[in-house]
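K.L.:
kindly return the folded structure for what I paste below:
(one chain, ligands or ions: 2)
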Amino acid sequence: MSLISRRTFLQGSAALGGAFAFGAGMAARAGAAPDPQILTAQLIEAQIAPDGVTPKVMTYRLGDAASNGMPPVLRMRIGEPYAARLINRLDEPTTVHWHGLRIPNAMDGVPEMTQPYVYPGDPFDYVFTPPDAGTFWYHPHCNTLTQMGSGLTGIIVVENPDDPAYDAEIVLNLRDWRLGKGGAFIDPFKPRDAARGGTYGTVRTANWQQEPSYDAPAGGLVRLRIAATDVTRIYTVGLEGADAMVVALDANPVDKPFPLDRYDVGPGQRIDLVVRMPDSEGATVKLDNLRGSHPWTIASLRATGQSLKRDLRDVAPLSANPIAEADLSVATRVPIDLTATAEHKATPSICGSLGYTFWAINKVPWPGDTPDPIAPIEEMKLGKSYVLQISNRTPHAHPIHLHGMSFRILNSNKRTFLPPPTDTILLLPDEQAEIALVADNLGDWVFHCHIIEHQKTGMTGYFKVV
Ligand code: C2O
Ligand code: CU
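P.N.:
Ligands and ions are numbered 1, 2, ... in the order given. This next block holds a predicted model:
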């Protein structure tokens, strides 16, 4: 992999002084920017597999807080400025992307496109004000298959003080690891799988543990925030031993909470449940992955104490996030075809190429995490409405993610339930869907499959909002 020189970086960081001032100015409107949280990307050893400690796990640390190694849950508040200083203690460049947060382009964390690489030993300041509440997540946008696969995926909770109170809250970061015997990392992918549904990990975890169990008040209402941060796996979540309501999908509240039966959550997506715990102390609730022919338990909840006797029917809807509705009568239509490509050639890339091209958007395979030298899929005009007519012309599901703006699914040949606005649509095999958005955020916004092998072997593009 070839990287921009340190010298170029230093010039870039001088220019960045201006970007900081701009970011701080934006924040000042909503209140003074707080002191940044110190978020250190670093290498650790961690106990993930049962049969050995895994060396060279990558994680984020907040201050010197101890943990089992997992990146911390970052807590923010809707409409209030947030600041984090990334310090890179890895031995390769990195950045932080705030998945789902509609924040200024300069804070989006895509190297070469929205900011310079953050080289080992260097800091980078992120300052922004989250406009929406809900469950989000963060991860690098550089050499992502390795960096995310090695541990760099963490959850963000943006709180809304108007949200109903629950008896407990549990946050689950679902992901796998590709580890061999003894716990060491093995090759992050197999080309023949990258050309299909993606390469699966060998160890499945929630919060970096295999089938963890959490205590929760008996008879209580628990808000369960679940994020699928794996580079490959699509989960189909279901519950055993309790009833639950779905209250939000990809951070956005559903209009009316509905009972969870089973729901697909693809890489990058989130689901927020309110679980009504059983009344009897010691009773166990299981969160299962029902996908495939061998369902398994992701995590369990154990009822403790005397029943609080809550009623699921009391679960109130959350307040909607302020996402603009597209004006369909004047919207510009943009066809987007997702296809496999026959050109299996190695393509150079500045941020860790996998050395193959298997996928394309509108016939263009874009190999890297950065735009050069490909033109945008579409240049959008600030404030205008767009309908993206997406056709998945492959027999595989693709969780397609747009940075910086949220969209609404208008229709689909494969689904009847239309979720609230989202940043990631799990396109089913052969699905054709129309999604609508208002181009209300200036800059270059990446649009890619969140099965990272697909992203990095061609299923990536970007929109330019001017
Ligand atoms: Cu979750 Cu381009 O990212
Ligand atoms: Cu894909």
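K.L.:
from here on, contacts and neighbour counts on C-alpha atoms
P.N.:
Fine.
K.L.:
and the residue of the stretch 251-400 of the chain found nearest ligand 2, how far from residue 236?
P.N.:
Of all residues in the stretch 251-400 of the chain, residue 398 sits closest to ligand 2, with a separation of 3.7 Å (CA to the ion). Counting by CA to CA, to the nearest Å, the gap from residue 398 to residue 236 is 15 Å.
K.L.:
out of the two, which sits in the more crowded spot?
P.N.:
residue 398 (28 against 17; other CA atoms under 10 Å).
K.L.:
and that one, what does it touch?
P.N.:
Shown in contact with residue 398 (CA atoms under 8 Å, 6 or more residues apart in numbering): 392, 425-429, 449-451.
K.L.:
apart from its neighbours in sequence, what residue is nearest it?
P.N.:
Distances taken as CA to CA, 6 or more residues apart in numbering place residue 427 nearest to residue 398, at 5.1 Å, with adjacent residues excluded.
K.L.:
related to what we said a few turns ago, which of the contacts of residue 398 fall within strands?
P.N.:
In strands, defined here by DSSP state E, the members of those are 392, 425-427, 449.
K.L.:
which of the residues you listed lies closest to residue 295?
P.N.:
Distance to residue 295 across these (CA to CA) is lowest for residue 426, with 20.2 Å.
K.L.:
how close does that closest one get to ligand 2?
P.N.:
Computed as CA to the ion, to the nearest Å, the residue 426 to ligand 2 distance reads 9 Å.
K.L.:
so where is the protein shaky, pLDDT-wise?
P.N.:
Residue ranges of the chain with pLDDT under 70: 1-31, 64-66, 342-352, 367-373.
K.L.:
excluding chain neighbours, what is closest to residue 47?
P.N.:
Leaving aside its chain neighbours, residue 47 sits nearest to residue 53 (4.7 Å; criterion: CA to CA, 6+ apart).
K.L.:
residues of this protein that sit close to ligand 2?
P.N.:
398, 449, 451, 454 (CA under 5 Å from the ion).
K.L.:
give me the number of residues near the second one?
P.N.:
Using other CA under 10 Å as the criterion, residue 449 is surrounded by 29 other residues.
K.L.:
ok, the last one next?
P.N.:
Other residues near residue 454 come to 29 when the count uses other CA under 10 Å.
K.L.:
next structured bit after the stretch of helix or strand residue 237 belongs to?
P.N.:
For residue 237, the host element (DSSP states H and E) is strand 235-240. Per DSSP H and E, strand 235-240 leads on to strand 243-249 as the next helix or strand towards the C-terminus.
K.L.:
can you tell me the strand partners of that following strand and which way each runs?
P.N.:
strand 252-259 (antiparallel), strand 270-276 (antiparallel) (DSSP bridges).
K.L.:
check which helix or strand covers the one residue sitting closest to the centre of the chain.
P.N.:
Residue closest to the average C-alpha location in the chain (CA atoms, centre = their mean): residue 268, at 3.6 Å. Assigned by DSSP H and E, residue 268 falls within no helix or strand.
K.L.:
show me what contacts the closest residue to ligand 2 within the stretch 151-300 of the chain?
P.N.:
Nearest residue of the stretch 151-300 of the chain to ligand 2, counting by CA to the ion: residue 197, 7.2 Å away. Neighbouring residues of residue 197 by CA under 8 Å, 6+ apart: 232, 396-397.
K.L.:
which of those residues lies closest to residue 410?
P.N.:
Checking the contacts of residue 197 against residue 410 by CA to CA gives residue 397 as the nearest, at 18.6 Å.
K.L.:
next up, the contacts around the closest one.
P.N.:
Residues in contact with residue 397 (CA under 8 Å, 6+ apart) are 197, 426-429.
K.L.:
also residue 58?
P.N.:
41-44, 90, 147, 150-152.
K.L.:
got a quick ChimeraX command for the buried subset of the residues you listed?
P.N.:
Only the buried entries of the contacts of residue 58 go into this ChimeraX selection, using 16 or more other CA atoms under 10 Å:
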select :41,42,43,90,147,150,151,152
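K.L.:
would you list the contacts of residue 58 in CSV and tack on secondary structure and distance to residue 172?
P.N.:
As requested, the contacts of residue 58 are exported to CSV (DSSP: H, G, I helix; E, B strand; the rest coil; distance: CA to CA, whole Å):
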residue, secondary structure, distance to residue 172
41, strand, 20
42, strand, 22
43, strand, 22
44, strand, 21
90, coil, 25
147, helix, 20
150, coil, 18
151, coil, 14
152, coil, 15
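K.L.:
ok, which pair from the contacts of residue 58 is furthest apart?
P.N.:
44 and 147 (12.9 Å).
K.L.:
in the sheet, who's paired with residue 244?
P.N.:
residue 275.
K.L.:
quick one: residue 168 and residue 223 touch, right?
P.N.:
Yes. If you go by CA atoms under 8 Å, residue 168 and residue 223 touch, sitting 6.3 Å apart.
K.L.:
so between these two, which is more surrounded?
P.N.:
residue 223 (22 against 15).
K.L.:
can you classify the more buried one by secondary structure?
P.N.:
strand (DSSP: H, G, I helix; E, B strand; the rest coil).
K.L.:
right, and it touches residue 170 too?
P.N.:
Yes. Here residue 223 reaches residue 170: they are 6.3 Å apart, a contact under CA under 8 Å.
K.L.:
beta-bridge partners for residue 402, please?
P.N.:
With DSSP bridges as the criterion, residue 402 is bridged to residue 447.
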